[in-house]
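>>> 3D model of this:
(3 chains)
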Amino acid sequence: MPLLKLRKLQLSLLEWYDSEARVLPWRLQAAGSRDGYQVWLSEVLLQQTQVSRAILYFQNFLEAFPDVRALAAAPLEDVLKLWEGAGYYARARSLHRAAQIMAVRGLPSSFEAWLELPGVGRYTAAAIASLSANQAVAAVDGNVRRVLARLHNNPNPTESWLLETAQDWLFAARAGAWNEALIELGAVLCTPKKPRCSDCPLSSFCKANLEQTTSRVPAPKTRAKVKTIQALALIQFHADLVFLEQRPKKGLLGGLFGVPLMALNADAASTLEELGIPDAQFLGTVSHTMTHRQFEVVVYAIQSKRSDLVLAKNVALSRLDQKILALLQP
DNA sequence: GATGCGTGGCG
DNA sequence: TCGCCAAGCAT
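You can find the predicted model right below:
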């Protein structure tokens, strides 16, 4: 694109952003000079998470942990408890580890340095460096990908094409504002379905709009099929205490505590027979859907006098475990 | 480069 | 209803 035309496009977008951008809790300071801790926290929360939900968690975290030292000093269990229900729980563990690194070394002051922290990838590092220090590095997320793909009418943008294009187009003097403006445009107007091109400040520059291909650009990604998982949950309880085991660090709900689950290959009765607890009480069934998993869980309960029972409400639990435990007290 | 990882909103 | 989607990262 000719330089003069690119300048026009940039100013059109920045003007729109300056007047129309939403006010969000992490946007109270000017883009480019924001508090690094708050930018980092918000960006991690926003990874694959909707803005409306990130807002709640952001406010709770900021209240509980006003700065990185407070977050670093907290027990991991407290961080996970505050993260409860937000999903992708590895983010919470990375957040805590990164906070401990920063409590010692201080906050990173460049894209490259942010990139070293756990849970901070290329997008997040670029977003933080540009929004907190105005570093001239392009942040490419799903919104920017969609906006750039449509502007160029490129249905299948590769990662390298996106990075080059985004960096070429970056308005360096206001890097933070520019990145946030592209993201905002993708989130508010240039949406996956039914983009509002008539309100878009870039519509006259946009090839997909001019050629009426926005519904096909970018091409939808193929997704893995949803897998159904049949499982048996066994609640071992005494009064209002239950036994919770820690799930393997790697897999589903890794590292979280939860009700013991076992794959259900045969029928529940014979499985309980094998476990030596044929008298366990049937409580009901739980259905729970994740992006690629459909859980069907039959829930049984049995009295237990083991000494390691805990109060479930004090532990960070997944939604699946919350549903399972809800059957205990109807 | 492909997978796996949660949850809730939306049409 | 149900499939798609949301400010990605780690492996």
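>>> Is the helix ranked longest in chain A in proximity to DNA strand C?
In chain A, with assignment by DSSP state H, the single longest helix is helix A:3-20. No - taking CB under 7 Å from any atom of the strand as the criterion, helix A:3-20 and DNA strand C are apart, separated by no less than 11.7 Å. Every residue, glycine included, has its C-beta placed from N, CA and C.
>>> Give me the mean pLDDT for the very next helix or strand once past that helix.
Remark: after helix A:3-20, the chain's next helix or strand is helix A:36-46, criterion DSSP states H and E. Averaged across helix A:36-46, pLDDT comes to 98.
>>> go on, stretch A:152-170?
For stretch A:152-170, the mean pLDDT works out to 96.
>>> So the closest residue to A:Gly87 other than its chain neighbours, which state does it fall into?
Of all residues not flanking A:Gly87 in the chain, A:Thr49 sits nearest, at 7.0 Å (CB to CB, 6 or more residues apart in numbering). On the three-state scheme (DSSP: H, G, I helix; E, B strand; the rest coil), A:Thr49 is labelled coil.
>>> A:Thr49 reaches A:Ala86, doesn't it?
Yes - A:Thr49 is within contact range of A:Ala86, at 6.5 Å (criterion: CB atoms under 8 Å).
>>> any bit of the host helix or strand of A:Ile302 sitting next to DNA strand C?
Using DSSP H and E, A:Ile302 maps to strand A:293-303. No - using CB under 7 Å from any atom of the strand, strand A:293-303 never reaches DNA strand C; the gap is at least 8.2 Å.
>>> circling back to that earlier point, so what's the residue nearest to A:Gly87 up against?
Residues near A:Thr49 by CB atoms under 8 Å, 6 or more residues apart in numbering: A:Ala86, A:Gly87, A:Tyr88.
>>> the strands in the stretch 201-330 of chain A, which residues?
A:227-238, A:241-242, A:245-246, A:257-258, A:261-263, A:281-289, A:293-303 (DSSP state E, counting those that start in this stretch).
>>> Of these, which is nearest A:Ile101?
When these are compared by CB to CB, strand A:245-246 sits nearest A:Ile101, at 23.9 Å.
>>> quick revisit: counting by contacts, list what the longest helix of chain A packs against.
helix A:159-169, helix A:175-188 (3 or more CB pairs under 8 Å, 6 or more residues apart in numbering; DSSP states H and E).
>>> Tell me the spacing between whatever residue of the stretch 1-150 of chain A ends up closest to DNA strand C and A:Ala127.
At 2.5 Å from DNA strand C, A:Gly121 is the closest residue in the stretch 1-150 of chain A, using CB to the nearest atom of the strand. Separation of A:Gly121 from A:Ala127 (CB to CB, to the nearest Å): 10 Å.
>>> quick one: which of the two has more around it?
For the pair A:Gly121 and A:Ala127, the greater number of neighbours falls to A:Ala127 (27 against 11), based on other CB atoms under 10 Å.
>>> which residues touch the more buried one?
A:Val39, A:Glu43, A:Ala139, A:Asp141, A:Asn179.
>>> I'd say the fourth one and A:Tyr123 touch.
The one in question is A:Asp141. Yes - counting by CB under 8 Å, A:Tyr123 is a contact partner of A:Asp141 at 5.0 Å.
>>> Could you measure from the nearest residue to A:Gln100 once chain neighbours are set aside over to DNA strand B?
Excluding the flanking residues, the one nearest A:Gln100 by CB to CB, 6+ apart is A:Ala72, at 4.5 Å. Relative to DNA strand B, A:Ala72 is positioned 22 Å away (CB to the nearest atom of the strand, to the nearest Å).
>>> Please work out which residues outside whichever strand or helix holds A:Ala72 touch it.
Counting by DSSP H and E, the element that carries A:Ala72 is helix A:68-73. With CB under 8 Å, 6+ apart as the test, helix A:68-73 has contacts from A:Tyr37, A:Phe61, A:Ala64, A:Phe65, A:Val79, A:Leu95, A:His96, A:Ala99, A:Gln100, A:Met102, A:Ala103, A:Leu107.
>>> From these, pick the one nearest A:Ile277.
The nearest member of these to A:Ile277, counting by CB to CB, is A:Val79 at 35.1 Å.
>>> Hmm, A:Ser94 and the closest one touching each other?
No - contact between A:Val79 and A:Ser94 fails when scored by CB under 8 Å: they sit 10.3 Å apart.
>>> And these two? Which one has more around it.
The residue with more neighbours, out of A:Val79 and A:Ser94, is A:Val79; 20 against 16, by other CB under 10 Å.
>>> Quick check: closest non-adjacent residue to A:Ala92.
A:Trp83 (3.8 Å).
>>> meant to ask about A:Val297
A:Val286 (4.4 Å).
>>> Same check on A:Ala172?
A:Ala136 (4.0 Å).
>>> for A:Leu275, same thing?
Nearest residue to A:Leu275, sequence neighbours excluded (CB to CB, 6+ apart): A:Leu234, at 7.6 Å.
>>> rewinding a little: mind checking what helix or strand follows the helix holding A:Ala72 in sequence?
Where DSSP H and E defines the elements, the next helix or strand beyond helix A:68-73 is helix A:76-83.
>>> what about that following helix, near DNA strand C?
No - against DNA strand C, helix A:76-83 shows no contacts by CB under 7 Å from any atom of the strand, the least distance being 13.8 Å.
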